[in-house]
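Colleague: Please find the sequence and the predicted model below.
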Amino acid sequence: MPKEKKDPDIREAFLDPSNPTQRQYEALRAFFVEGLPSAQVARRFGYTPGSFRVLCHEFRKNPQRPFFLPVHKGPRLSAERNATRQKIIELRRWNLSIFEISRALQQQGRRLSPASVALTLKRAGFAKLSRPRR
């Protein structure tokens, strides 16, 4: 059987993982399986010694924790959140300010700060309203 050539790029995927859960897994594996000192593992994987101790403590409490789950692409909007988002967009089309939209939502029983309204509008592609001149 031919011996496979070791690829340094593949090796780096394990030594310097980009996914946070893979990094946790590799760090815990280095500590618990390979027996490396915690300070060395923390340094290698970019943890402070204290945060790595917390990671180990949490892992000891739940060693069956799943590490390799499919990554969700962005938050999933619930029907209520989606309805609120649509209402914000509808009110902006009436040229209401973020403060007026926030008050209108509050009257409907939906508490949303003006900053949250502004963020929702920004994500939906709306520009800020121009301020009236005095």
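Modeller: Okay, I see it. Numbering: from 1, shown residues only.
Colleague: hey, where'd the strands end up in this structure?
Modeller: With DSSP state E, there are no strands along the chain.
Colleague: in this structure, which spans are helices?
Modeller: 8-15, 20-32, 38-45, 49-61, 79-93, 98-107, 114-123 (DSSP state H).
Colleague: Turn the ones you listed into a markdown table, including mean neighbour count, distance to residue 132 and mean pLDDT.
Modeller: Glycine gets a C-beta too; all of them are placed from N, C-alpha and C. Listed next are the helices of the chain as a markdown table, based on neighbours: other Cβ atoms under 10 Å; distance: least, Cβ to Cβ, whole Å; pLDDT from 0 to 100:
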| stretch | mean neighbour count | distance to residue 132 | mean pLDDT |
| --- | --- | --- | --- |
| helix 8-15 | 10 | 56 | 73 |
| helix 20-32 | 17 | 46 | 89 |
| helix 38-45 | 16 | 54 | 92 |
| helix 49-61 | 13 | 49 | 92 |
| helix 79-93 | 14 | 16 | 89 |
| helix 98-107 | 17 | 13 | 94 |
| helix 114-123 | 15 | 17 | 92 |
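Colleague: Tell me which of the ones you listed lies nearest to residue 68.
Modeller: Taking Cβ to Cβ, helix 20-32 is the member of those nearest to residue 68, at 7.0 Å.
Colleague: per-domain residue ranges of this protein.
Modeller: Following automatic domain parsing, the chain resolves into domains at 12-61, 79-123.
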